[in-house]
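[1] let me see the structure of the following:
(one chain, ligands or ions: 1)
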Amino acid sequence: MTAASPTGGRGRAVGRVVVVGSLNVDLVTEVDRHPSPGETVLGGDLVRLRGGKGANQALAAARAGAEVAIVGRVGDDADGRAYRDALVAAGVDVTHLTTTPDAPTGTALIVVDAEGENTIVVAPGANARLTPADVHGAAATIRAADAVLVQLEIGQDTVETVAEIASEARTRLVLNASPVRPLPPSLLALADPVVVNEHEARAYDAASTCVTLGARGARWGEETASPPPVDPVDTTGAGDAFAGALAAALASGEDRAGALRAAVAAGAEATRWVGAQPL
Ligand code: RIB
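    Below is the predicted model:
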């Protein structure tokens, strides 16, 4: 990023964040306990909500006060159109949100147990059609941003294109390395930080790693932060709220400690509602 960011009313810089990632319809049901492999259990009523790590993080960054643009794909269907409208209503720039004709909007199957813990299976749909060319089309926006935030519900070559453009432009890359898949050390080295949970952290070895610790908060190198006490309803999307708020804080010029505090608070807040996004 080369130009100075504008400042907000409270004197803090307003960071510019680009999120490259997924948009899903989340199909959610609740169970008393998760089934074992091969087992069937009965759930509650099915609920349709908006989700997807990319969109969840974009909306979290916007809630945290950043100027946000999203780069992604939705299907040419009612879900895709509704999602576009919702992002616009939240103030997210959708210039680089493409409607793809050959696949439906992504879908996630989410099961939440009585403790608020979830399992998620994603059918990527349109998200899998996001290409390096789409990212090149948004290159000027990425170059002008203070931070670019990417996750792993899109193709590897697309993620690597984001990292290349960010690196060339010296735009800060925040990589939420979820869901876990093998990543080249050269990609991990470009991220500051890689954001992962404790399970995901075992899969990677990165110089700058920010680890979310659930109810215990998060750590990033020497820095740690604890969340305010909350009575969680649903942990779905808490990690996304953390990542979005972290990117927004870093983009606004916060240091590690300040960004970590803001992110932990946002992650805790996101456990207070059902689903990944506040209704
Ligand atoms: O991180 C939570 C998200 O993961 C859900 O919204 C779901 O869509 C999957 O992307």
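[2] from here on, contacts and neighbour counts on C-alpha atoms
    Fine.
[3] list the contacts for residue 43?
    With contacts taken as Cα atoms under 8 Å, 6 or more residues apart in numbering, residue 43 has the following neighbours: 29-32.
[4] so which bits of the host helix or strand of residue 260 are buried?
    With elements taken from DSSP states H and E, the one containing residue 260 is helix 256-269. Residues of helix 256-269 classed as buried under the neighbour-count rule (16 or more other Cα atoms under 10 Å) are 256, 259-269.
[5] same thing with stretch 158-168?
    Of the residues in stretch 158-168, those scored as buried under the neighbour-count criterion (16+ other Cα under 10 Å) are 158-163, 165-166.
[6] which residues of the chain lie near the ligand?
    If contact is defined as Cα under 6 Å from any ligand atom, the residues of the chain in contact with the ligand are 24, 26, 51-53, 108, 236-237, 240, 276.
[7] swap in 8 Å and give it another go.
    Taking Cα under 8 Å from any ligand atom as the test, the list of the chain residues beside the ligand reads 22-26, 50-54, 56, 106-110, 120-122, 153, 236-240, 275-277.
[8] filter those down to just the ones in strands.
    Among the residues of the chain next to the ligand, the ones falling in strands (DSSP state E) are 24-26, 50-51, 106-110, 120-122.
[9] next, give me the two most distant ones among these.
    Across those, the longest distance by Cα to Cα is 14.7 Å; it joins 50 and 121.
[10] so which of those two has more stuff around it?
    residue 50 (22 against 11; other Cα atoms under 10 Å).
[11] the more buried one: what's it in contact with?
    Residue 50 makes contact with 23-26, 83, 275-277, according to Cα under 8 Å, 6+ apart.
[12] most surrounded residue in the ones in strands among the residues of the chain next to the ligand?
    residue 24 (30 neighbours).
[13] who's in contact with the nearest residue to residue 239 once chain neighbours are set aside?
    Here the nearest residue to residue 239 in space, its sequence neighbours aside, is residue 267; by Cα to Cα, 6 or more residues apart in numbering that works out to 6.1 Å. Taking Cα under 8 Å, 6+ apart, we find residue 267 in contact with 238-242.
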